[in-house]
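Chemist: Attaching a predicted model along with its sequence, questions to come.
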Amino acid sequence: MTAASDQPEPQDAPWWKKAVLYQVYPRSFADSNADGIGDLQGIIDRLEHLEWLGVDGIWLSPITVSPNADWGYDVADYRAVQPDLGTMETFDDLVARAHERRIRVLLDIVPNHTSERHPWFVRSRSSTTDPMRDWYVWADPKPDGSSPNNWVSSFGGPAWTLDPNTGQYYLHNHLAEQPDLNWWNEGVRAEFDDIFRFWFDRGVAGFRIDVCNIIVKDARLRDNPPATADDDFDAQLFGQRPVFNGNRPEVHDVIRRWRRLAESYDAPRVLVGETPVKIDKLVEYYGDGSDELNLAFNFPFITAPLDAGAMRQVVEDTEAQLPPGAWPAWTGSNHDMSRFASRWAGGDEDKARLALLMLLCLRGTPVLYQGDEIGLCDSPVDKDDLRDPLGVRYWPAYAGRDAMRTPMPWREGPGGGFTEPGTRPWLPLGPTARCNVEQQRSDPGSMLVLARDLIALRRTHPELQTGRYETVSAPDGVWAWRRGDGVAVALNMSDRPVDLDGTAGRVCISTHRAGDGRAFDDRLTLRGWEGVVAEISP
Ligand code: NOJ
Ligand code: CA
């Protein structure tokens, strides 16, 4: 048993600890007006699906004004809705309609950078003496005219672009169209407090915070150290460790400030951080367990192979290192990292079902990505249809992130229920016949019904929501754990059947549904790649 989960969480725990969250990628969820682009009205029209599935909250990838150099992650106005997606009125309606179905709405905020077309940057780049100059990170060239330091963008290439007008370089940790804000500037901090309030006051339940680990940069702009053979893939790829262009200790002051703001609301708002860092750093973003992020995405888990030992290790390490009171978040897919039905399961439905059960039965808040509930796979996009700037730039070495952003297949046939049959969607639909919501909803054996049943089981078995996590010893290739005293989970992550001995109980849900309800007395036999959640005798 591990430190963080020694004490069970009380059942009156805040809603987000008991919740299942669901990421909506609005451009690809549902198109209500047949222009090929998913929109806010489309989300309203599909709330029935989300309520039926049983999710408690949705987070929406950016819906604010953007020239779409990086599809919404380059914001040109933080307080207005992107016209392609709808209006503020429709947004308010979405929040109200979702609340009627007891679904909270969280938004995505991008504090690290803006669009180069944001009026703040337009002013900032206009002259070295403009009052907004200091809102972004500007620096003089080296004497030979080259970049101020060696930092590279996480999208590849130098993180600095020379602005010929003023003769200085500006910093961008992503595209040149995404200049980084200067979080040492108090004006920037105050402005974002106000942006948070703007949306909180409209009933937004919280924010997913884009790359929140990198917003504060080294004040002296020191060179990053070279990567070593022990460093991870990204560091090796870029040839340096991202020590100074982000991940600075002072970022925690900003996150604590945001948490105070979020807690000043009744009900307190929730902060979910995008934190692509190792576990020892990840846990720091929870602060003392109650004063920084509520939830932090666990990238070592997302990138682990679907292997019993590897995944158990990530979970145990996370549980052991989290401060008291802190709450994990578990996710397998998002709009950047590919879908777990492909990445973990390689398109094998048994494996995808097991992964789904795993996500929904760990201690923590599961966050599904649209399509996870039907086991949707990545859908590769032809070169001519690529939309992600990274795919456009690096194809064929890297095809970018479009394959995990293709439209949601609601039903079979042209348009897939995403858009009208005669409309060309902004990204091509994958094949709709094999995997779609309509067909799975009428099939009691489908992955969609499995997802719904597992989510419902969390409500009837509160230990699945708040019970402590404890690893149970199991044969090689099997990962098993207990939730509280009365629930156990076992995943056979191997091709061959295995016997688990020493426990009696009853299977509530098996990933192969014919196994639901089977009682076992001392021995439970699992098929290859079968996962079960069971009630056990204490
Ligand atoms: C992370 C977002 O999820 C990704 O889509 C985006 O490109 C970068 N941050 C930059 O905002
Ligand atoms: Ca539309």
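Modeler: Looks like it arrived, so ask away. Ligands and ions are numbered 1, 2, ... in the order given.
Chemist: Mind pulling the model confidence for residue 4?
Modeler: Model confidence at residue 4, given as pLDDT, is 50.
Chemist: quick one: the helices in the stretch 251-400 of the chain?
Modeler: 251-263, 279-282, 299-303, 308-321, 340-343, 349-361, 389-394 (DSSP state H, counting those that start in this stretch).
Chemist: list the buried ones in the longest one?
Modeler: Of all the residues in helix 308-321, those buried under the rule 16 or more other C-beta atoms under 10 Å are 308, 311, 312, 314, 315, 317, 318, 319, 321. In short, each C-beta sits where N, CA and C put it, glycine included.
Chemist: which helices and strands does it pack with?
Modeler: helix 279-282, helix 299-303, strand 469-472, strand 478-483 (3 or more C-beta pairs under 8 Å, 6 or more residues apart in numbering; DSSP states H and E).
Chemist: Contacts for the longest one next, please.
Modeler: Pointing back at strand 478-483 there. 308-309, 311-312, 358, 361-363, 463-464, 467-474, 488-494, 498, 500, 526, 536 (C-beta atoms under 8 Å, 6 or more residues apart in numbering).
Chemist: Please identify the buried residues of stretch 523-533?
Modeler: In stretch 523-533, counting by 16+ other C-beta under 10 Å, buried: 524, 526, 527, 529, 530, 531, 532, 533.
Chemist: Quick check: ChimeraX command selecting the buried ones in the contacts of strand 478-483.
Modeler: In ChimeraX, a selection of the buried entries from these looks like this (16+ other C-beta under 10 Å):
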select :308,311,312,358,361,362,363,463,464,467,468,469,470,472,474,488,489,490,491,492,493,494,498,500,526,536
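Chemist: thinking again about what came up before, name the stretch among the helices and strands packed on helix 308-321 that sits most buried.
Modeler: strand 478-483 (a mean of 22; mean count of other C-beta atoms under 10 Å).
Chemist: any idea of the angle that one forms with helix 349-361?
Modeler: With axes from the mean of the first three to the mean of the last three C-alpha atoms, to 10 degrees defining the directions, strand 478-483 sits at 30 degrees from helix 349-361.
Chemist: Could you list the paired strands of strand 478-483 along with their orientation?
Modeler: Its sheet considered, strand 478-483 pairs with strand 469-472 (antiparallel), strand 487-492 (antiparallel) by DSSP bridges.
Chemist: Mind pulling up the pLDDT for residue 37?
Modeler: As predicted, residue 37 sits at a pLDDT of 99.
Chemist: show me the contacts for it.
Modeler: Here residue 37 is in contact with 27, 31, 84, 85, 425, 426 (C-beta under 8 Å, 6+ apart).
Chemist: And those, which two are furthest apart?
Modeler: Using C-beta to C-beta, those span at most 14.6 Å, a distance reached by 85 and 425.
Chemist: Give me the distance between the two termini of stretch 339-356.
Modeler: 12 Å (C-alpha to C-alpha, to the nearest Å).
Chemist: a markdown table for the buried residues of helix 308-321, including pLDDT and distance to ligand 1?
Modeler: Converted to a markdown table, these look like this (pLDDT from 0 to 100; distance: C-beta to the nearest ligand atom, whole Å):
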| residue | pLDDT | distance to ligand 1 |
| --- | --- | --- |
| 308 | 98 | 29 |
| 311 | 98 | 23 |
| 312 | 98 | 27 |
| 314 | 98 | 20 |
| 315 | 98 | 23 |
| 317 | 98 | 24 |
| 318 | 98 | 21 |
| 319 | 98 | 26 |
| 321 | 98 | 24 |
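Chemist: nearest to residue 198, of the residues you listed?
Modeler: Nearest member of those to residue 198, counting by C-beta to C-beta, is residue 318, at 33.4 Å.
Chemist: From residue 53, how far out is the closest residue to residue 62 other than its chain neighbours?
Modeler: Counting by C-beta to C-beta, 6 or more residues apart in numbering, residue 72 is the residue found nearest to residue 62 once chain neighbours are left out, at 3.4 Å. Applying C-beta to C-beta, to the nearest Å, the value for residue 72 to residue 53 is 24 Å.
Chemist: Just the C-alphas of stretch 436-449, formatted as CSV.
Modeler: Listed in CSV are the C-alpha atoms of stretch 436-449, where the atom choice follows Å, rounded to 0.1, in the frame of the first residue of the first chain:
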residue,chain,number,x,y,z
ASN,A,436,-19.8,4.4,-34.8
VAL,A,437,-22.0,5.5,-31.9
GLU,A,438,-25.4,4.5,-33.4
GLN,A,439,-24.5,1.0,-34.1
GLN,A,440,-22.7,0.4,-30.8
ARG,A,441,-25.5,1.9,-28.8
SER,A,442,-27.9,-0.7,-30.0
ASP,A,443,-25.4,-3.5,-29.3
PRO,A,444,-25.3,-4.6,-25.6
GLY,A,445,-21.9,-6.2,-26.2
SER,A,446,-20.3,-3.1,-27.6
MET,A,447,-17.5,-1.1,-26.2
LEU,A,448,-19.8,1.9,-25.9
VAL,A,449,-22.2,0.0,-23.6
